[in-house]
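**Q** mind folding the following:
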Amino acid sequence: MKKGIHPENYRPVVFKDMSNGDMFLSRSTCATKDTIEFEGETYPLVKLEISNTSHPFYTGKSKLVDTAGRVDKFMNRYNRIKK
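**A** Residues are numbered from 1 along each chain as shown. Next comes the predicted model:
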């Protein structure tokens, strides 16, 4: 790698998919206060709502991913208009 082109805080980080619990290790500059033990070592943790292991395009499954009740809000609003 070229010297001096990467930020100082470029480090290993664990990304965790909160919808299915899948985790993977990569390098990033993401700022985070959470840490997690992964494969015997402690790393900073970045929480993701969706990743390639849970996204319908990559999994081939049509599944609703709802973490904040957004789908329910939409369905309630749509049903009210429909009536």
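**Q** helices and strands of this structure: which one has the lowest mean pLDDT?
**A** When the helices and strands of the chain are scored by mean pLDDT, DSSP states H and E, helix 56-59 comes last with a mean of 63.
**Q** next secondary structure element downstream of that helix?
**A** With elements assigned by DSSP states H and E, the helix or strand that comes after helix 56-59 is helix 70-82.
**Q** packing partners of that following helix?
**A** Under the contact criterion of 3 or more Cβ pairs under 8 Å, 6 or more residues apart in numbering; DSSP states H and E, helix 70-82 touches no helix or strand at all. In short, each C-beta sits where N, CA and C put it, glycine included.
**Q** give me the below-cutoff pLDDT ranges for the protein.
**A** Scanning the chain with the threshold set as pLDDT under 70 gives 1, 55-69, 80-83.
**Q** nearest residue to the middle of it?
**A** Leu48 (1.5 Å; Cα atoms, centre = their mean).
**Q** tell me which residues of stretch 35-45 come out buried.
**A** Going by neighbour count (16 or more other Cβ atoms under 10 Å), the buried part of stretch 35-45 is 38, 43-45.
**Q** centre of the chain versus that stretch, how much separation?
**A** On the basis of Cα atoms, centre = their mean, to the nearest Å, stretch 35-45 sits 16 Å off its chain's mean C-alpha point.
**Q** neighbouring contacts of that stretch?
**A** Stretch 35-45 has contacts (Cβ atoms under 8 Å, 6 or more residues apart in numbering) with 11-14, 16, 23, 25, 30, 32, 34.
**Q** Throw the buried residues of stretch 35-45 into a markdown table and include distance to Ile5 and secondary structure, thanks.
**A** Below are those laid out as a markdown table (distance: Cβ to Cβ, whole Å; DSSP: H, G, I helix; E, B strand; the rest coil):
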| residue | distance to Ile5 | secondary structure |
| --- | --- | --- |
| Phe38 | 27 | strand |
| Tyr43 | 23 | strand |
| Pro44 | 22 | strand |
| Leu45 | 26 | strand |
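**Q** thanks a lot, see you next time.
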